[in-house]
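here is the input, now give the coordinates:
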Amino acid sequence: MYQQFYGLRELPFELTPNPKYLYLPRQHREALSTLVYGLSTAKGVTALVGEAGTGKTTLLHAALQAEQCRHVTCVYLMNPTLTRNEFVEMLASQFSLSPQAARSKATFLRELDAVLRERRARGQMTALLIDEAQSLSSELLEEIRLLANTETATEKLLSLVLAGQPELRDRLNETELRQLKQRVTLRCEIVPFTLQETAAYIAWRIRTAGGDAGKLFTREAVMLIYERTGGIPRTISVMCDNALLTGFGMGRQPVDYEMVLEVARDFDMSETRAREAGGLAVLDEVAAGNEATSLEAADVLTMPSMPTMPAVAAPDLTAVTPLEKTTDGPAEDAKANEPEMFNQSRTVRKFSFFGSR
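Presented below is the predicted three-dimensional model:
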């Protein structure tokens with residue numbers, strides 16, 4: 001709708017899990033590496049935990065498109081609020097088993113074991129991905145535990161990935177689910193973006209859509225977006241899309257603080273709600289004395305061009321493996337991997353996160 005007005009080839013903030021727009025800060029990159037490792041090597045159960053809107057579904061799609069997973073046949077379950085019988089029926093259909101397998105659990109297990117062994121003999125891996133896994137009933141979690149036992153004497157025949165909100169982590173800590181927790185061999189967690197990552201995320205999506213981020217958002221607008229969204233990627237996209245639509249309706253660009261504030265009011269995104277959503281607001285960082293993100297200290301915030309992100313269809317996972325540990329701490333890593341963002345000079349005012357304007 002507004003692409004031509006802003007010089008874009010396509011809408012940059014759609015909510016579909018399009019790996020083309022995948023932005024990979026360190027934590028997301030490590031989570032993607034772990035998912036690919038778990039899927040491609042049949043490591044049993046892999047757990048991915050993250051707040052709603054932090055990008056779990058997008059990471060799952062990106063992992064499935066990785067070069068290392070080209071031999072993986074995947075069944076993807078997006079709505080796990082099923083009864084035990086519906087769960088068996090769904091899996092029987094997705095694994096192309098007989099109609100009898102959908103009605104009889106004994107037949108289902110016999111045919112599934114035969115299919116998994118036949119695929120493994122051909123050098124193929126089979127995976128079951130369950131999104132929104134925090135909604136699984138205790139009954140289905142027990143079924144998943146039993147499926148995790150599908151194996152030969154030397155290897156697992158079925159990879160399982162459970163992706164869910166922090167409630168999934170809490171459920172796995174319940175005493176009655178301790179046997180399932182013991183089968184979780186890989187675990188990764190993603191959190192909301194920092195202020196730097198929020199600015200880089202916005203710049204990456206705009207640049208991928210063919211636009212110039214420096215001409216679309218002011219630094220004050222980006223800071224307010226971070227403050228009101230708590231760094232949740234999905235909410236950031238919603239606010240940016242509506243802010244661009246507001247600017248288009250007013251015939252003005254770039255999007256400024258007042259436009260974002262109007263969108264925040266329309267969506268009832270107050271500072272309190274951002275904190276309740278699990279993100280860290282800018283004011284929290286100011287209170288902590290973090291000069292790098294302090295509104296008083298950061299009179300001029302600049303964001304030069306983002307480095308090229310790895311192609312999602314074949315993500316560069318050689319540099320970071322799930323078991324790799326870096327010697328640098330978080331502060332050093334951030335300096336090494338994130339673009340320089342803050343310019344403490346108080347003599348120049350007309351700068352944004354994305355360069356001069």
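
show me the protein divided up by domain.
Here the domain assignment for the chain is 3-18+193-304+339-356, 26-190, based on automatic domain parsing.

could you tell me the least trusted of those domains?
The minimum mean pLDDT among the domains of the chain belongs to domain 3-18+193-304+339-356 (a mean of 76).

got TSV for the domains of the chain, with mean neighbour count too?
For glycine as for every other residue, the C-beta is placed from the backbone atoms N, C-alpha and C. TSV is the format used below for the domains of the chain (neighbours: other Cβ atoms under 10 Å):
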stretch	mean neighbour count
domain 3-18+193-304+339-356	19
domain 26-190	18
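
phi and psi next, for E174.
phi -70, psi 140 (degrees, to the nearest 10).

what about it, distance to K181?
To K181, E174 is 9 Å away according to Cβ to Cβ, to the nearest Å.

one more: S104?
30 Å.

just L8 next, same as before
On the measure of Cβ to Cβ, L8 and K181 end up 46 Å apart.

and if you look at N85?
26 Å.

go on, I236?
Applying Cβ to Cβ, the value for I236 to K181 is 32 Å.

tell me how far the helix or strand hosting T235 lies from the chain's centre.
In this structure, T235 is located in helix 233-250 according to DSSP states H and E. Computed by Cα atoms, centre = their mean, to the nearest Å, the chain-centroid distance of helix 233-250 equals 20 Å.

next: stretch 122-135.
So, by Cα atoms, centre = their mean, the centroid of stretch 122-135 is 17 Å from its chain's centroid.

enumerate every residue touching the residue positioned nearest the centre of the chain.
Centroid check for the chain by Cα atoms, centre = their mean gives G55 as the closest residue, at 2.0 Å. Contacts here follow Cβ atoms under 8 Å, 6 or more residues apart in numbering; on that basis G55 touches L22, H28, I190, P233, R234.

what do you get if the cut-off is 10 Å, keeping everything else the same?
By Cβ atoms under 10 Å, 6 or more residues apart in numbering, the residues touching G55 are 17, 22-24, 28, 31-32, 62, 190, 192-193, 201, 232-234.

and it, backbone torsions?
phi 110, psi 20.

repeat for A42
Residue torsions, per degrees, to the nearest 10, at A42 are phi 50, psi 60.

chain neighbours aside, what residue packs nearest to it?
K156 (4.1 Å; Cβ to Cβ, 6 or more residues apart in numbering).

contact partners for the one you found?
Contacts for K156 were tallied using Cβ under 10 Å, 6+ apart; they are 41-45, 116, 120, 125-126, 148-150, 183, 185.

adding secondary structure and distance to V263, write those out as CSV.
Shown next, in CSV, are these (DSSP: H, G, I helix; E, B strand; the rest coil; distance: Cβ to Cβ, whole Å):
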residue, secondary structure, distance to V263
T41, helix, 44
A42, coil, 45
K43, coil, 43
G44, coil, 44
V45, strand, 40
L116, helix, 49
R120, helix, 51
M125, strand, 44
T126, strand, 44
A148, coil, 45
N149, coil, 50
T150, coil, 49
R183, coil, 44
T185, strand, 43
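
tell me what the helix holding T235 is packed against?
helix 3-6, helix 56-64, helix 195-208, helix 219-229, helix 257-266 (3 or more Cβ pairs under 10 Å, 6 or more residues apart in numbering; DSSP states H and E).

mind running it again at 7 Å?
helix 195-208, helix 219-229, helix 257-266 (3 or more Cβ pairs under 7 Å, 6 or more residues apart in numbering; DSSP states H and E).

contacts for the shortest one, please.
For helix 257-266, contacts defined as Cβ atoms under 7 Å, 6 or more residues apart in numbering pick out T218, E220, A221, L224, I225, R228, M239, N242, A243, T246, G247.

for it, output the C-alpha coordinates as CSV.
Output of helix 257-266 as CSV, limited to C-alpha atoms (Å, rounded to 0.1, in the frame of the first residue of the first chain):
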residue,chain,number,x,y,z
TYR,A,257,8.4,10.4,17.6
GLU,A,258,4.9,11.8,17.4
MET,A,259,3.8,9.3,14.7
VAL,A,260,5.0,6.4,16.8
LEU,A,261,3.4,7.8,19.9
GLU,A,262,0.1,8.0,18.1
VAL,A,263,0.4,4.3,17.1
ALA,A,264,1.3,3.4,20.7
ARG,A,265,-1.8,5.1,21.9
ASP,A,266,-4.0,3.3,19.3
